[in-house]
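> What would the 3D arrangement of this be:
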Amino acid sequence: MEMNPANIAWRQIPVMTKMAVGAREASVSGEHGEILTFKVGRALTWIRVVYVAGLDTYKVELVKGRSAKVVESHEDVYAENLSETIYHAVCK
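So this is what the prediction gives:
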């Protein structure tokens, strides 16, 4: 497995959090592998995690629907808060 920012983010999310939100079908995109996207919960709902290199933080977005509308966004998320941010975005 190539170690790019998205793969590192995926590894920083504990298995229990992944199970709690129903995380599946993770994919990596971006020029330098800085975007992690994975399905959660019901159909047509995703989490997008974007690594912000200059700040060494993440941007976490909850995306819904066929139009991929961002319904919730959290910026300046540190690695140690990634799991909690994702859990609270999905499990409201």
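
> quick one: residue 71 from residue 24, how far?
19 Å (Cβ to Cβ, to the nearest Å). (C-beta placed from N, C-alpha, C; glycine too.)

> Any idea how far stretch 45-65 is from the middle of the chain?
How far stretch 45-65 lies from its chain's middle: 5 Å, per Cα atoms, centre = their mean, to the nearest Å.

> quick one: buried residues of that stretch?
Within stretch 45-65, the residues that qualify as buried are 45-51, 57-64, counting by 16 or more other Cβ atoms under 10 Å.

> Check which helices and strands the helix or strand where residue 62 lies sits against.
Taking DSSP states H and E as the criterion, the element that holds residue 62 is strand 57-64. In this structure, strand 57-64 packs against strand 45-52, strand 69-77, helix 82-90, with contacts taken as 3 or more Cβ pairs under 8 Å, 6 or more residues apart in numbering; DSSP states H and E.

> Take these and lay them out in CSV including distance to residue 39 and mean pLDDT.
Conversion of these to CSV gives the following (distance: least, Cβ to Cβ, whole Å; pLDDT from 0 to 100):
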stretch, distance to residue 39, mean pLDDT
strand 45-52, 6, 97
strand 69-77, 15, 97
helix 82-90, 11, 97
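
> so which of those comes closest to residue 18?
Residue 18 sits nearest to helix 82-90 of all those, at 8.8 Å, using Cβ to Cβ.

> what's that closest one packed up against?
Using 3+ Cβ pairs under 8 Å, 6+ apart as the contact criterion, the neighbours of helix 82-90 among helices and strands are helix 5-12, helix 15-21, strand 45-52, strand 57-64, strand 69-77.

> Go again with 7 Å.
Using 3 or more Cβ pairs under 7 Å, 6 or more residues apart in numbering; DSSP states H and E as the contact criterion, the elements in contact with helix 82-90 are helix 15-21, strand 45-52, strand 57-64, strand 69-77.

> now the angle from it to helix 5-12?
Calculated by axes from the mean of the first three to the mean of the last three Cα atoms, to 10 degrees, helix 82-90 forms an angle of 90 degrees with helix 5-12.
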